[in-house]
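Trainee: Structure for the following, please:
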Amino acid sequence: MRIKFYSLIALFISIASTVNAQDIAATTSLVYPGADGRLVYVADSLGNRIPDFSNAGYKGGGVVIPMVQPKAIVWPVAGDNSDHLQKVIDSVSALPLDASGFRGAILLKRGLYNLEKPITIKASGVVLRGEGMNDIGTILFGKTPKQTQGSQGRGGRPALITIAGSEGVK
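Mentor: Numbering: from 1, shown residues only. Reported below is the predicted structural model:
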């Protein structure tokens with residue numbers, strides 16, 4: 001029994017080590033590398049095209065995200081954090097823009113931030129930055145009430161964070 005088991009493992013390892021992803025031929029003509037090394041996106045017979053997300057991200061992608069210095073550090077409090085966080089956002093929003101177009105970052109220390117009301121960033125140049133990742137990082141948990149007629153948001157609830165600032169945007 002052990003010999004069969006070890007034989008199967010050896011066979012699996014030998015097969016797995018001979019398969020190289022680069023040796024597998026492309027299975028679609030809808031996206032392929034062009035002569036310049038960039039991907040070429042081709043529409044199908046109905047005009048459908050695979051979306052090109054290469055320009056997604058900060059300033060269209062390909063730009064290093066700047067490290068904006070924190071002007072405020074926030075720790076989660078028991079219960080609703082909405083008013084506490086909104087006050088900090090408003091205070092950083094009142095700061096002048098620096099030469100790079102930022103007012104400053106708000107560092108949200110790791111933990112659970114229950115938000116029972118939506119928060120709004122009314123000025124440009126304000127960065128919300130969390131700490132950590134997954135369930136041991138910064139978690140903003142919206143407990144906002146159901147959406148009323150004419151309110152922003154999707155899925156029957158208003159937006160948790162609304163960004164409305166445009167002053168200083170280049």
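
Trainee: what about the nearest residue to Ser93 once chain neighbours are set aside, how many neighbours?
Mentor: Nearest non-adjacent residue to Ser93, counting by C-beta to C-beta, 6 or more residues apart in numbering: Ala123, 3.8 Å away. Bear in mind the C-beta positions are built from the backbone N, C-alpha and C, glycine included. Each residue near Ala123 was counted by other C-beta atoms under 10 Å, and the total is 20.

Trainee: Okay, and Ala123 sits in which element?
Mentor: Using DSSP states H and E, Ala123 is not contained in any helix or strand.

Trainee: That one and Gly34: what is the separation?
Mentor: 42 Å (C-beta to C-beta, to the nearest Å).

Trainee: And Ile3, by the same measure?
Mentor: 52 Å.

Trainee: Just the C-alpha atoms of stretch 30-41, please, in CSV.
Mentor: Coordinates of the C-alpha atoms in stretch 30-41 are reproduced here as CSV (Å, rounded to 0.1, in the frame of the first residue of the first chain):
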residue,chain,number,x,y,z
LEU,A,30,-9.2,38.6,-27.9
VAL,A,31,-6.1,39.7,-25.9
TYR,A,32,-2.5,39.1,-27.0
PRO,A,33,0.9,40.8,-26.6
GLY,A,34,1.6,43.3,-29.3
ALA,A,35,5.0,44.0,-30.9
ASP,A,36,5.7,46.7,-28.4
GLY,A,37,5.0,44.3,-25.5
ARG,A,38,1.7,45.9,-24.5
LEU,A,39,-1.5,44.0,-24.6
VAL,A,40,-3.7,44.3,-27.6
TYR,A,41,-7.5,44.1,-27.0
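
Trainee: Next, the residues that contact stretch 46-56 from outside, please.
Mentor: Residues outside stretch 46-56 that contact it (C-beta atoms under 8 Å, 6 or more residues apart in numbering): Leu30, Val31, Arg38, Leu39, Tyr41, Val42, Ala43, Gly61.
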